[in-house]
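Undergrad: coords please:
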Amino acid sequence: DFTKDDENVNSQPFMRWRDRFLFCAEALYKAQAETGEIKGHYLNATAGTCEEMIKRAVFARELGVPIVMHDYLTGGFTANTSLAHYCRDNGLLLHIHRAMHAVIDRQRNHGIHFRVLAKALRMSGGDHI
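TA: Residues are numbered from 1 along each chain as shown. Predicted coordinates:
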C-alpha cells in the first residue's frame, strides 16, 4: 500500500514539513510491523528553493523513507533535475506529481500534450509520474 502527501501540502503553519515527515514515517513503520507488508508514502519535498528541497530529501532519507515527491510545475524543471540527481545518488525514488498540468495541456489550440510533458519529466530524472 502506498499513500502520498497532497500536492498542495508544503509547510503551512498548521502542518510543518518536518513534523509531517516524522508522523508519516512513524505511521508507515507501525503499519509495516502490524501487517508484515511493505508500505510506502510519498513525502512532498517541493519547496521554494532547490536547497530547501534537498534538505527535505535528506531528512526523508534519514528517516528511511524510500521515495519523495516533487511538484514539477511548482518547483520547475531545473529543480526537478537537481532533486532527481540527489535522489539517484542517495538511493531514493522520485515521484513527479503533475499538479497544475491542466494549465498547460487542456487547451486544444495551444499547450503541450501530457505525454510530451511526461517524457520530459522522465528525461529530467523522475522515476515515477
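Undergrad: pull the longest helix from this structure.
TA: Ranked by residue count, the top helix of the chain under DSSP state H comes out as helix 17-35.
Undergrad: assign His41 to helix, strand or coil.
TA: Under DSSP: H, G, I helix; E, B strand; the rest coil, His41 falls in the strand class.
Undergrad: ok so, going back, what sits up against the longest helix of the chain?
TA: Residues from elsewhere that reach helix 17-35, judged by CB atoms under 8 Å, 6 or more residues apart in numbering: 1, 5, 9-11, 37-41, 43-44, 47, 56, 59-60, 63-65. C-beta here means a position set from N, CA and C on the backbone, and glycine is covered the same way.
Undergrad: again, 7 Å this time
TA: Asn10, Ser11, Ile38, Lys39, Gly40, His41, Leu43, Arg56, Phe59, Ala60, Leu63, Val65 (CB atoms under 7 Å, 6 or more residues apart in numbering).
Undergrad: quick check: closest non-adjacent residue to Ile129.
TA: Ile96 (4.8 Å; CB to CB, 6 or more residues apart in numbering).
Undergrad: repeat that for Asp127.
TA: Leu93 (4.6 Å).
Undergrad: the bottom helix or strand of this protein by mean pLDDT?
TA: Lowest mean confidence among the helices and strands of the chain (mean pLDDT, DSSP states H and E): helix 101-105, at a mean of 72.
Undergrad: which parts of whichever helix or strand comes after it are buried?
TA: Going down the chain from helix 101-105, the next helix or strand is helix 114-123, by DSSP states H and E. Within helix 114-123, the residues that qualify as buried are Phe114, Leu117, Ala118, Leu121, counting by 16 or more other CB atoms under 10 Å.
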